[in-house]
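In: Here is a sequence with its predicted model. Questions after.
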Amino acid sequence: MSRLRLAVVGVGALGRHHARILSEHPEVELVAVSDNRQAQGEEVASKCRTKWVADYRDLLDRSRIDAVSVVVPTIGHREVAGAFLDAGISVLVEKPLAANAKQAQELVDIAVRNKVLLQVGHIERFNPAFQVARPLISNPKYIRTERTSGYPFRSTDIGVVHDLMIHDIDLILSLAKSRVRSVEAFGVTVVGGHEDVANARLRFENGCIADLMSSRFHPTVSRSLQAWSAEGCVTCDLHHRDVRHYCRSEELINGPSPLELARRPDSDIEQLKREMFGRFVTVNSIPVPADGPDALTQELSEFVRSIQTGASVQVDGHQALSAMQVAEQVLSSIATHEWNGSHLKVADFDQARKAA
């Protein structure tokens, strides 16, 4: 089988890693990298043993490339990814799919019309901790996520909902497997331009409820997910890659319960407290593989494999569109949230803060 001819458009902080990984893939020929910054493009091209192209439109030719990885700022996704899809070239585009749900829908429609693959870089699907936790989460009724970081000084064309929360929206949709019934959210801007902190509650038609907290103005980094179901609770630390499963022990199921034991005249309450986790609640620490390819390598390898075999991908355009549509509901709720009893848009928060 001949090697797939791929290109990378946008070789900044993340795109340069796309180029590096694809240049080392045994089944890929990295035809070119494209970036409108000559020094940046030439540096990455040299390291990846390929050539630099200033204008991505010079690559819109199926006789030259089979697929492309698009890693440009979100505001450029519709234009760049759309151009390649229109040319009949398969695309992996970084998350979020587009700047808004309308543009995301347009990209999905173009991909369907031209019968080409559109994969979206929701990389947390490939996080080893999530891959281990996912089979343990069946029919969740409550999900809570937290994702925080320091201010990144990148992705400033979008707010924290599209920058960070979109990851968790995608994960939650993949677990809840139900339509969203309602969205409540609020958020604030700290640095300016877009929301930097956001909280949202999603209610699903199957009864599941999800709470999401995202902040890119935080002193520590955290990425966590907690899911409750009839089988118990699963906690997943996506940052430190720690997964734990809490469930009722046989003793708790078959009785007597800790409350019944506590009512006995000779009960030792302090001992019962110490024994709660272990005797009554079983705590299983689930091993997370420490070796193997990193998440981005897995994601890019899946893209290559799907083009070669026609296999489905973890996150295609339709799934990414669903996440975008929920994100838009979150942003809409943030924009209409009542501060001090009156409607105040996030964009107005700076003015309100200065006036306070």
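Out: Right, received. Where do you want to start?
In: In the stretch 251-356 of the chain, what residue spans correspond to strands?
Out: In the stretch 251-356 of the chain, the strands defined using DSSP state E, counting those that start in this stretch lie at 281-286, 338-339, 342-343.
In: for the stretch 51-200 of the chain, same thing?
Out: 51-53, 67-70, 90-94, 118-121, 142-148, 180-188, 197-204.
In: so which of these comes closest to residue 306?
Out: strand 118-121 (7.0 Å; CB to CB). C-beta here means a position set from N, CA and C on the backbone, and glycine is covered the same way.
In: tell me which residues of the closest one are tucked away?
Out: 118-121 (16 or more other CB atoms under 10 Å).
In: Give me the residues contacting it.
Out: With contact meaning CB atoms under 8 Å, 6 or more residues apart in numbering, strand 118-121 is reached by 81, 85, 90-97, 107-108, 111, 299, 302-303, 306, 313, 315-317, 319-320.
In: where along this structure do the helices fall?
Out: 15-24, 38-47, 77-86, 101-114, 128-133, 160, 166-176, 250-254, 258-262, 269-275, 295-309, 317-336, 349-355 (DSSP state H).
In: Could you identify which of these is most buried?
Out: Highest mean neighbour count among those (mean count of other CB atoms under 10 Å): helix 160, with a mean of 26.
In: quick revisit: so which of the strands of the stretch 51-200 of the chain is nearest residue 294?
Out: Across these, residue 294 has its closest neighbour in strand 118-121 (13.4 Å, CB to CB).
In: May I have that closest one exported as PDB, CA atoms only?
Out: The C-alpha coordinates for strand 118-121 follow below in PDB (Å, rounded to 0.1, in the frame of the first residue of the first chain):
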ATOM      1  CA  LEU A 118     -14.200  15.200   8.400                       C
ATOM      2  CA  GLN A 119     -12.500  14.400  11.700                       C
ATOM      3  CA  VAL A 120     -12.400  16.800  14.600                       C
ATOM      4  CA  GLY A 121      -9.500  17.000  17.100                       C
END
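In: how's the chain carved up into domains?
Out: 4-122+294-313, 126-292+328-333 (automatic domain parsing).
In: Run the chain-centre distance for the shortest one.
Out: Meaning domain 4-122+294-313. 18 Å (CA atoms, centre = their mean, to the nearest Å).
In: End to end on that domain, go ahead and measure it.
Out: One end of domain 4-122+294-313 to the other measures 17 Å (CA to CA, to the nearest Å).
In: Now that domain: average pLDDT?
Out: Average pLDDT, domain 4-122+294-313: 97.
In: Which of the strands of the stretch 51-200 of the chain sits closest to residue 286?
Out: Comparing those against residue 286 with CB to CB, the closest turns out to be strand 142-148 (17.6 Å).
In: and the angle from that closest one to strand 197-204?
Out: Angle of strand 142-148 versus strand 197-204, following axes from the mean of the first three to the mean of the last three CA atoms, to 10 degrees, is 160 degrees.
In: related to what we said a few turns ago, can you list the buried residues of strand 118-121 in TSV and add distance to residue 41?
Out: As requested, the buried residues of strand 118-121 are exported to TSV (distance: CB to CB, whole Å):
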residue	distance to residue 41
118	25
119	23
120	24
121	20
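In: which of the residues in stretch 238-255 are buried?
Out: 238-239, 241-247, 251-252.
In: Tell me how many other residues crowd residue 6.
Out: Neighbourhood size, residue 6 [other CB atoms under 10 Å]: 29.
In: ditto for residue 182
Out: Using other CB under 10 Å, residue 182 has 11 other residues around it.
In: so how far is residue 105 from it?
Out: Separation of residue 182 from residue 105 (CB to CB, to the nearest Å): 21 Å.
In: Can you read off the pLDDT for residue 150?
Out: Turning to residue 150, the model gives it a pLDDT of 89.
In: That one - how many residues pack around it?
Out: Residue 150 has 12 nearby residues by other CB under 10 Å.
In: Please compute how far stretch 329-337 lies from its chain's middle.
Out: On CA atoms, centre = their mean, the centre of stretch 329-337 falls 20 Å from the chain's centre.
In: Pretty sure residue 75 sits against residue 103.
Out: No: using CB atoms under 8 Å, residue 75 is not in contact with residue 103; the gap is 9.4 Å.
In: give the contact list for residue 159.
Out: 187, 189, 193-196, 198, 331, 346.
In: Could you do residue 245 as well?
Out: So, once contact is read as CB under 8 Å, 6+ apart, residue 245 ends up touching 136, 232-234, 283-284, 286.
In: Ranking by neighbours, what's the top pick from the residues you listed?
Out: For the contacts of residue 245, the largest number of neighbours (other CB under 10 Å) sits with residue 234, at 27 neighbours.
In: Pretty sure that one sits against residue 247.
Out: No: applying CB under 8 Å as the test, residue 234 and residue 247 come out as separate, 9.2 Å apart.
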